[in-house]
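J.: Structure for this input, please:
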Amino acid sequence: PLWTVQATGSNLDKQADLQRIVESTLQELCDNGLDKELLEASLNSIEFALRESDFGGRPIGLAYVIRMMDNWLYDNDPLELLHYEE
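T.: Numbers count the residues shown, from 1 in each chain. Sure thing, here's the model as predicted:
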């Protein structure tokens, strides 16, 4: 797996500080885990946006196709992302 961080509008001389903050935050998450309430709140927000079909002004068909292609790209079922519950 690959995970990247992109910092726009930042000073190059602060790169070491940013790297230290990111690494310490990730270490804290590894040591203590995720806050279950924050995780549940995030998932609820995503579910609400999906059910409301709120795609930030994008045409709904385009938003669905982009989501399907993201899944299909990794050999998963492209229709899987259109189902929110069984």
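J.: Please state the offset of the helix or strand of the chain with the lowest mean pLDDT from the chain centre?
T.: The least trusted helix or strand in the chain, going by mean pLDDT, DSSP states H and E, turns out to be helix 60-73, with a mean of 85. Relative to its chain's centre, helix 60-73 lies at 15 Å (CA atoms, centre = their mean, to the nearest Å).
J.: Name the surrounding residues that touch it.
T.: 53, 55, 77-82 (CB atoms under 8 Å, 6 or more residues apart in numbering). From N, CA and C alone the C-beta is placed, and that goes for glycine too.
J.: for stretch 2-20, same thing?
T.: For stretch 2-20, using CB under 8 Å, 6+ apart, the contacting residues are residue 22.
J.: Restrict it to CA atoms and write it as CSV.
T.: Backbone C-alpha positions of stretch 2-20 (Å, rounded to 0.1, in the frame of the first residue of the first chain) are rendered in CSV as follows:
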residue,chain,number,x,y,z
LEU,A,2,1.0,3.6,-0.7
TRP,A,3,-0.2,6.6,1.3
THR,A,4,0.8,10.1,0.4
VAL,A,5,0.4,13.6,1.8
GLN,A,6,0.4,16.7,-0.3
ALA,A,7,0.8,20.0,1.3
THR,A,8,0.1,23.0,-0.9
GLY,A,9,1.0,26.5,0.0
SER,A,10,3.5,25.4,2.6
ASN,A,11,7.1,26.4,3.1
LEU,A,12,9.8,24.0,2.0
ASP,A,13,11.7,24.8,5.2
LYS,A,14,8.8,23.4,7.2
GLN,A,15,9.0,20.0,5.5
ALA,A,16,10.7,18.3,8.4
ASP,A,17,8.1,19.7,10.9
LEU,A,18,5.3,18.4,8.7
GLN,A,19,6.9,15.0,8.4
ARG,A,20,7.4,14.8,12.2
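J.: Tell me how many other residues crowd residue 77.
T.: Residues lying near residue 77 (other CB atoms under 10 Å) number 11.
J.: The closest residue in space to it that isn't next to it in sequence: how many residues sit nearby?
T.: Leaving aside its sequence neighbours, residue 77 sits nearest to residue 71 (CB to CB, 6 or more residues apart in numbering; 6.9 Å). Other residues near residue 71 come to 15 when the count uses other CB under 10 Å.
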